[in-house]
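Engineer: Sequence and computational prediction follow.
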Amino acid sequence: MPNFKKVLRRTLRTILGVLIGLILLFVTLVLLIRTPWAQRKIVNKAISYVSEKTGTVVELERLFITFSGNVYLEGLYLEDTQGDSLVYIRSFETGVALKPLLDKEIHITKIDWDGLRAHVKRSATDSTFNFNFLIDAFVSKDSLVVEDPVDTTEKVAFKLASVGPISLSDFQLTYDDKLEDMKAYLALGNLQLENRQLDLDSLNFDINSLVLENSKIRFYSGKTLSSGEVDEDSTSSAIPTFIVDNLKLKNIDAEVSIPPDSISANLAIGL
């Protein structure tokens, strides 16, 4: 019995020592990631990887994991294959709760996004947009293959269960589709959103509060959007439901113009 106690004590001490070592290693790695040297290494690796995959100019000032476990990036710039600006992000921070992942649920704890410039376009002679090279570079051809419909094996997919709170500020997005003669512009000053319930399957959105300020929207279509044919799937699809308890709109300017359908609308709130 005394030998057994000695072995048990020694085993527990060994396990405890290993756990302490792992914890110290984790803490060291977290602290190391926060150092400027590690950040430069991570940024350089990320830039080199994306630039090699896409063959375009990529710039990134900072990328690291915060002490709370969130991913934070700053100063992301990406060009398209023509050398024109595609995306610029001033700062972006988000996080995912780890425990719910075991139940195949994704809980995004926050989205804090300040500063976005994005320019989506395509010419009148090309059916691909200026961002298609990203899809070609990062989406493998195997993932596009349709699975055998005979395979009835049950596959559990991850479900987006919650998102928020969401904070977006200083967005400028342009969309120029010369092939379809369609243009859109969005200047988003400030958006604050807190979800209470998010159900993408039934398209039910229960929002606790929504604040939208200092924003401008423009939409133009040179082709008719009306259609005499009714899509059978659209008649049976669920209609999205939005419930907002607290809504604040200030300095909102929207304009829609569709000449072929004789549609012209303007909306001004709190101007």
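Structural biologist: Here it is on my side, so go on. Just so it is clear, the structure is predicted and the values come from calculations on it, not from any experiment. Numbers count the residues shown, from 1 in each chain.

Engineer: next structured bit after the lowest-mean-pLDDT helix or strand in the chain?
Structural biologist: Taking all helices and strands of the chain together, the one with the lowest average confidence (mean pLDDT, DSSP states H and E) is helix 232-236, at a mean of 52. The first helix or strand that comes after helix 232-236 along the chain, using DSSP states H and E, is strand 241-258.

Engineer: all strands of the chain, in order?
Structural biologist: Per DSSP state E, the chain carries strands over the ranges 58-65, 71-79, 85-96, 105-122, 159-163, 166-177, 182-199, 204-221, 241-258, 263-269.

Engineer: Which neighbouring elements make contact with the third one?
Structural biologist: Going back to what we said before, that points to strand 85-96. For strand 85-96, the helices and strands in contact under the criterion 3 or more CB pairs under 8 Å, 6 or more residues apart in numbering; DSSP states H and E are strand 71-79, strand 105-122. For every residue, glycine as well, the C-beta is placed using N, CA and C.

Engineer: what about 10 Å?
Structural biologist: Helices and strands touching strand 85-96, by 3 or more CB pairs under 10 Å, 6 or more residues apart in numbering; DSSP states H and E, are strand 58-65, strand 71-79, strand 105-122, helix 132-138, strand 166-177.

Engineer: TSV for those, including distance to Leu86?
Structural biologist: Shown next, in TSV, are the helices and strands packed on strand 85-96 (distance: least, CB to CB, whole Å):
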stretch	distance to Leu86
strand 58-65	10
strand 71-79	5
strand 105-122	6
helix 132-138	9
strand 166-177	11
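
Engineer: now the stretch 1-150 of the chain, which segments are flagged as low pLDDT?
Structural biologist: With pLDDT under 70 as the threshold, the stretch 1-150 of the chain has low-confidence stretches at 1-13, 15-34, 140-150.

Engineer: Turn the strands of the chain into TSV, including mean neighbour count.
Structural biologist: TSV is the format used below for those (neighbours: other CB atoms under 10 Å):
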stretch	mean neighbour count
strand 58-65	16
strand 71-79	17
strand 85-96	17
strand 105-122	17
strand 159-163	15
strand 166-177	16
strand 182-199	16
strand 204-221	16
strand 241-258	13
strand 263-269	11
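
Engineer: closest to Ser51 out of these?
Structural biologist: Closest of the strands of the chain to Ser51 is strand 58-65, at 4.5 Å (criterion: CB to CB).

Engineer: Provide a list of residues in contact with Gly69.
Structural biologist: By CB atoms under 10 Å, 6 or more residues apart in numbering, the residues touching Gly69 are 30, 95-98, 109.

Engineer: With Thr81 instead?
Structural biologist: Applying CB under 10 Å, 6+ apart, we find Thr81 in contact with 54-56, 130-133.

Engineer: quick one: it from Val58, how far?
Structural biologist: Counting by CB to CB, to the nearest Å, the separation of Thr81 from Val58 is 12 Å.

Engineer: how close does Leu173 sit to Leu225?
Structural biologist: The spacing between Leu173 and Leu225, counted by CB to CB, is 20 Å.

Engineer: ok, now Asp245?
Structural biologist: Distance of Asp245 to Leu225, given as CB to CB: 33 Å.

Engineer: and Lys41, how many neighbours?
Structural biologist: When neighbours are defined as other CB atoms under 10 Å, Lys41 has 13 of them.

Engineer: hang on, I meant Gly55
Structural biologist: Quick note: Gly55 (other CB under 10 Å) scores 9 neighbours.

Engineer: Can you tell me the closest non-neighbouring residue to it?
Structural biologist: Closest residue in space to Gly55, ignoring its immediate chain neighbours: Thr81 at 7.0 Å, by CB to CB, 6 or more residues apart in numbering.

Engineer: What of Ser264?
Structural biologist: By the measure of CB to CB, 6+ apart, the closest residue to Ser264 outside its immediate chain neighbours is Ser257, 5.3 Å from it.

Engineer: Enumerate every residue touching that neighbour.
Structural biologist: Taking CB under 10 Å, 6+ apart as the definition of contact, the neighbours of Ser257 are 183, 218-222, 263-266.

Engineer: Please report the distance of it from Leu186.
Structural biologist: Counting by CB to CB, the gap from Ser257 to Leu186 is 15 Å.

Engineer: so Phe171 touches Leu188, yeah?
Structural biologist: Yes - using CB atoms under 10 Å, Phe171 is in contact with Leu188, at 3.7 Å.
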